[in-house]
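Novice: sequence and predicted structure below; questions after.
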Amino acid sequence: MSLGVDWMIDWVRTSAVVIAAHRVELITLDRDIGDGDHGENMDRGFSAVIAKLDTLPADAIPADVLKLVATTLISTVGGAAGPLYGTAYLKAAGAVAGLVELDGGALAALLRAARDGIVLRGKAESGDKTMVDVWTPAVDAADAAVGRGVDVAAVLAAAADAAEQGAVATEPLVARKGRASYLGERAIGHRDPGAQSTALLLRAAADTASGTASP
Amino acid sequence: MKKLINDPKNVVTEAVEGFAAAHADIVRASTDPIYLVRSDAPSNKVGIVSGGGSGHEPMHGGFVGYGMLDAAVPGAVFTSPTPDPIVAATAAVNGGRGVLHIVKNYTGDVLNFETAADLAGADGIEVRSVIVNDDVAVKDSLYTAGRRGVAGTVLVEKIAGAAAQRGDSLEEVTAVAEKVIGQVRSMGVALTPCVVPHAGEPSFTLADDEIEIGIGIHGEPGRERVKLQPADAIVDRLLGPILDDIPFASGDKVLLMVNGMGGTPQVELYIVYRHAAKVLAERGIEVARSLVGNFTTSLEMQGMSISVLKLDDALTELWDAPVQTAALRWGR
């Protein structure tokens, strides 16, 4: 069982729908500890991605889709999220370059490359109350799932579950990166908006994969 | 929320179009990608580009013109611009002697300008960057994203712009910008929150009798929330940390800036200036230059910030040099 470009496009379309549906939630989370633009920026970025999906060639492979998402997010989102997510998708594209079909191992490698890209650009570590606190457990869970030999949908489901737990786990943390870092202890009790958007994107990946697996 | 807007999505575009129309003698606007540029750019001088989220007007567009910025890149409200317009603005003002990016220290601004500088560099344009971080309200900056860039940015832009206008090299302009950054300190206070157009709700809440000391220009929380007090007491709370930071000493000559956050009338800013100047005089610090008004705002937030810049003869000469922008104009 593997996932191809149709799934990748399905994932991107679902991501846009989910981000739009959670726009206000992300704005509210960001207003609590940042400046309140995360939902707006992500919605603008993914809307732009959707508008560009039609420009993909008929023989596009998953890496082409990831590259399109990367460049579009970098040039439309702004803020910190634009460069961070842009780098994530760009590195993810590199991890699956040339592949037509993605098995569990390729998906885990894709997620790990995305995480490494975010760490490289944002220079945040685990525990800083950022999206890294979601990406790292998700990547580890995907690797573990691949080790158990489960199918691709289960690999992504494991990543999405870990991501959601990771997002919740940012709540008690003091922020050390990004705008929330200015709050000091007052950031405690608030979920990081970037962590939440990452959890939403990974859940979209899992949902679209399981939809493919059980028609 | 009541705002004079048409559609939250068009706020920045429509504002830039109006600004360019109103100041057609000084600037012209590019709308795709969006940036403002001196109508006479490029010229045979170092180019100066700044930018950041909109909502802080007149910064930065109001400071495009002779003797200050060559281009300003506005992002969405409170959101840093993306790399594309920064690259385009950089190319538009490159007269062959290089371009300086003046960046406020926010994660998004730093990341997008960094990417843009790399891209412009790949196109053969020599780009240097300076990061403004004048806000002393941020404590423990080793454990945060660092001190924020606030109203002191205007002083960096004016003085670096004057050096560039004089014909200084990219290296010299960068050095003078770094010098200003090293010698300017700021801190602000909010009496009321601001409302971001696309959010439609206040960025934070303050009780009727509360104020936030050390607020950021996007409504980021400051050092502490205290009960409203007389203006002089608030000034003391802001000036203390500023003066202790470098520290400023008796005999220093300084520029004192009182900056409104957008919702505070001038009459109150001058009440603030009165006491701040008195405190400096008591400490033996000479206020050699001053600036009072709305320069780095936070939408309709009520409040203000105080900035103190240590001057020497070289910086004073550059400060006094002619400037002709929409929001700052003298000597020309």
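Specialist: Everything's here; your move.
Novice: per-residue confidence for residue A:214?
Specialist: Per-residue pLDDT puts residue A:214 at 35.
Novice: my bad, residue A:182
Specialist: Here, the pLDDT recorded for residue A:182 equals 83.
Novice: and residue B:33, how close does it get to residue A:114?
Specialist: As for residue B:33, its distance to residue A:114 is 26 Å (criterion: CB to CB, to the nearest Å). Where C-beta positions appear, they are placed from N, C-alpha and C, glycine not excepted.
Novice: neighbour count winner among those two?
Specialist: Per other CB atoms under 10 Å in any protein chain shown, whichever of residue B:33 and residue A:114 has more neighbours is residue A:114, with 28 against 16.
Novice: Three-state assignment for the more buried one, please.
Specialist: Of the three states, residue A:114 takes helix according to DSSP: H, G, I helix; E, B strand; the rest coil.
Novice: with residue B:289 instead?
Specialist: Three-state call for residue B:289 (three-state DSSP): strand.
Novice: wait, doesn't it sit right on residue B:310?
Specialist: No - taking contacts as CB atoms under 8 Å, residue B:289 lies outside contact range of residue B:310: 11.4 Å.
Novice: shared neighbours, the two?
Specialist: Both residue B:289 and residue B:310 are contacted by residue B:254, under the criterion CB atoms under 8 Å, 6 or more residues apart in numbering or on different chains.
Novice: neighbour count for the two, which is higher?
Specialist: Between residue B:289 and residue B:310, counting by other CB under 10 Å, residue B:310 is the more crowded of the two (19 against 16).
Novice: which stretches of the chain form helices?
Specialist: No chain in the question, so chain A it is. A:5-21, A:23-33, A:38-53, A:62-76, A:81-95, A:104-122, A:132-148, A:152-169, A:193-213 (DSSP state H).
Novice: actually, chain B is the one I wanted.
Specialist: B:11-22, B:83-93, B:107-122, B:152-166, B:170-183, B:231-245, B:266-282, B:313-320.
Novice: got the angle for the shortest one vs helix B:170-183?
Specialist: Okay, so that is helix B:313-320. Helix B:313-320 and helix B:170-183 are oriented at 100 degrees to each other (axes from the mean of the first three to the mean of the last three CA atoms, to 10 degrees).
Novice: other SSEs contacting helix B:313-320?
Specialist: Using 3 or more CB pairs under 8 Å, 6 or more residues apart in numbering or on different chains; DSSP states H and E, the elements in contact with helix B:313-320 are helix B:152-166, helix B:170-183, strand B:286-293.
Novice: flag every buried residue along that helix.
Specialist: B:315, B:318-319 (16 or more other CB atoms under 10 Å in any protein chain shown).
Novice: quick revisit: which of the helices and strands packed on helix B:313-320 sits closest to chain A?
Specialist: Nearest to chain A among the helices and strands packed on helix B:313-320 is helix B:152-166; the distance by CB to the nearest CB comes to 16.6 Å.
Novice: give the rounded mean pLDDT of that closest one.
Specialist: 98.
Novice: so which of the helices of chain A is nearest residue B:162?
Specialist: Nearest to residue B:162 among these is helix A:81-95; the distance by CB to CB comes to 31.8 Å.
Novice: state the mean pLDDT of that closest one.
Specialist: 95.
Novice: same thing with stretch B:47-66?
Specialist: Mean predicted lDDT for stretch B:47-66 stands at 98.
Novice: before we move on, what about stretch B:293-300?
Specialist: Predicted confidence along stretch B:293-300 averages 97 (mean pLDDT).
Novice: can you check stretch B:210-228 too?
Specialist: For stretch B:210-228, the per-residue pLDDT values average out at 89.
Novice: OK, contacts around residue A:78?
Specialist: Applying CB under 8 Å, 6+ apart, the residues near residue A:78 are A:41, B:53, B:75-76, B:79-82, B:108, B:112.
Novice: gap between it and residue B:51?
Specialist: 11 Å.
Novice: show me the common contact partners of the two, please.
Specialist: Common contacts of residue A:78 and residue B:51 (CB under 8 Å, 6+ apart): B:75, B:80-81.
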